[in-house]
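> Dropping the sequence and predicted coords here.
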Amino acid sequence: MRFSADEWLALHELHAEYAAALDARDLDRWPALFTENCSYKLQSRENFERGLPLCILHLDSRAMLADRVYGARETIYHDPYAQRHVGGPPRLLAREGDALVTETPVLVVRTKRDAMPEVLLAGRYLDRVVPTAEGLRFAQRWLVFDNDLLANSIVDPA
Amino acid sequence: MRFSADEWLALHELHAEYAAALDARDLDRWPALFTENCSYKLQSRENFERGLPLCILHLDSRAMLADRVYGARETIYHDPYAQRHVGGPPRLLAREGDALVTETPVLVVRTKRDAMPEVLLAGRYLDRVVPTAEGLRFAQRWLVFDNDLLANSIVDPA
Amino acid sequence: MRFSADEWLALHELHAEYAAALDARDLDRWPALFTENCSYKLQSRENFERGLPLCILHLDSRAMLADRVYGARETIYHDPYAQRHVGGPPRLLAREGDALVTETPVLVVRTKRDAMPEVLLAGRYLDRVVPTAEGLRFAQRWLVFDNDLLANSIVDPA
């Protein structure tokens, strides 16, 4: 199952916007990349594959995403760090009406002050993207990460 | 030398299928991405550049790939781990008849239980892909990795 | 803001050539990917974001790039290492006349003899690419890296 050239370009535009917003820690741009009703999860592969509900983050509306942004910026006291997302290519799993169901490998590299970059998360995004008046948006973005161990707390979305 | 849009989309579909099969450890999907007669190698850059024959893996038919899958799943007792492939973009080195000769950078990140992800292999794929009735397939896929040191044994293909 | 398919393919050809030249340590191919008058910087995010001038490397003509290549190969005595660039996708920030202004996430993984690969740099390229008779070339390529700590000296361009 293969993307059209238009789908490829539009999907990568969305993926690049997503990574750039988080990696610049410009978190206000993050909820705007989702639909009003949406599902965002950050979950370990172990729990995902066993169908267990526990997630690091589980948010299911754009308003909840905005709330998390507020929390990450204003209420959590933590050691500052920068993220860097690399990954791809995306894989087209299904077309469901207008929606594209895709899977995309990702590494999230974290860098703290006075430390070398480290791989914080290795995993894949399980996405459902839909066309909207503003372009493609995430109706679902789940980051299922391979590592059951986490190096310290995760504050920002990934 | 540049890919056409169709080549780009078809090649990325193959690359994404390949990574997804290994990263899901759904190894039965792996040999099906090669032609019946094929060449798969996993070799250090040091040996590759000096023309030395020693490889970690060297398989030259789809049947040998299937045999390795059996071995990796049924006969080797090892500490379990997950792989995650990221990399690209591919570079077109030559068109030879119907075949595309390409080079693609890759990182293979390994995650063990109760441990952080680590870069297992950094290197590049040297591929020859050909059209078949099932779509593009690897007539050759060699992973030449930069690191002469390996962190523990490699069980699965990469 | 979205790339056309032609821009996407041409830009990735340039990105892939760039990474391949450095990762093969075939440094003579590196200056040829820039315009005669150009700006190459390798700078920490901390200094970049504060507008501070200090860079690891700052070169502003193809001749200066060639001089750095000579230095890296002939005059600097250092522990040998291999680089591996992975990253993307690129993001289109602006079209300015014929030029494309883009941002591309990147990891540079370094491998030394008898050592595992390590993430040397996590960051993004801030590029300005222009069409020339030889194809797209970098009028600007700045690598702004997240890590203020560097693991040992950086010899080669990245």
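Received, thanks. Residues are numbered from 1 along each chain as shown, chains lettered A, B, ... in the order given.

> What are the buried residues along stretch A:125-138?
Neighbour-count burial for stretch A:125-138 flags A:125-130, A:136-138 (criterion: 16 or more other C-beta atoms under 10 Å in any protein chain shown). C-betas here are computed from N, CA, C, even on glycine.

> which bits of chain A sit near chain B?
Within chain A, the positions adjacent to chain B are A:1-5, A:8, A:45, A:86-92, A:103, A:105-107, A:118-119, A:121-124, A:146-149, A:151 by C-beta under 8 Å from any C-beta of the partner chain.

> what separates the residue of chain A positioned farthest from its centre from residue A:80, distance-wise?
Most distant from the centre of chain A: residue A:114, at 26.2 Å, with distances by C-alpha atoms, centre = their mean. Distance, residue A:114 to residue A:80, by C-beta to C-beta, to the nearest Å: 11 Å.

> Contact distance from chain C - what residues of chain A qualify?
A:5, A:8-10, A:12-13, A:15-17, A:19-20, A:23, A:82, A:84-86, A:88, A:107, A:109, A:111, A:113-119.

> tell me the secondary structure for the residue nearest to residue A:14 when sequence neighbours are not counted?
What sits nearest to residue A:14 in space, not counting adjacent residues and going by C-beta to C-beta, 6 or more residues apart in numbering or on different chains, is residue A:136, at 4.7 Å. Assigned by DSSP: H, G, I helix; E, B strand; the rest coil, the conformation of residue A:136 is strand.

> and what of the one 5 residues further on?
Using three-state DSSP, the secondary structure recorded for residue A:141 is strand.

> What pLDDT is listed against it?
Here, the pLDDT recorded for residue A:141 equals 98.

> same question, residue A:72
88.

> and the gap between it and chain C?
Taking C-beta to the nearest C-beta, to the nearest Å as the measure, residue A:72 falls 18 Å from chain C.

> Can you classify that residue by secondary structure?
Following three-state DSSP, we place residue A:72 in the helix state.

> right, and it touches residue A:156 too?
Yes: judged on C-beta atoms under 8 Å, residue A:72 makes contact with residue A:156 at a distance of 5.2 Å.

> Specify the local secondary structure of residue A:155.
coil.

> number of nearby residues for it?
17 (other C-beta atoms under 10 Å in any protein chain shown).

> Next up, the contacts around it.
By C-beta atoms under 8 Å, 6 or more residues apart in numbering or on different chains, residue A:155 lies in contact with A:72, A:76, A:78, A:81.

> Leaving out sequence neighbours, find the closest residue to the second one.
Nearest non-adjacent residue to residue A:76, counting by C-beta to C-beta, 6+ apart: residue A:155, 5.2 Å away.

> And that neighbour, what's its pLDDT?
pLDDT at residue A:155 comes out at 85.

> roughly how far apart are the residue nearest to residue A:14 and chain C?
10 Å.

> pretty sure that residue contacts residue A:129?
Yes: with contacts counted by C-beta under 8 Å, residue A:136 reaches residue A:129, the gap being 4.8 Å.

> returning to that earlier point: among the residues of chain A next to chain B, the buried ones, what's the PyMOL command?
Command for PyMOL that selects the buried part of the residues of chain A next to chain B, burial taken from 16+ other C-beta under 10 Å:
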select buried, chain A and resi 3+8+45+86+87+88+89+90+91+92+103+105+106+107+118+119+121+122+123+124+146+147
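
> Fine, thanks again, bye for now.
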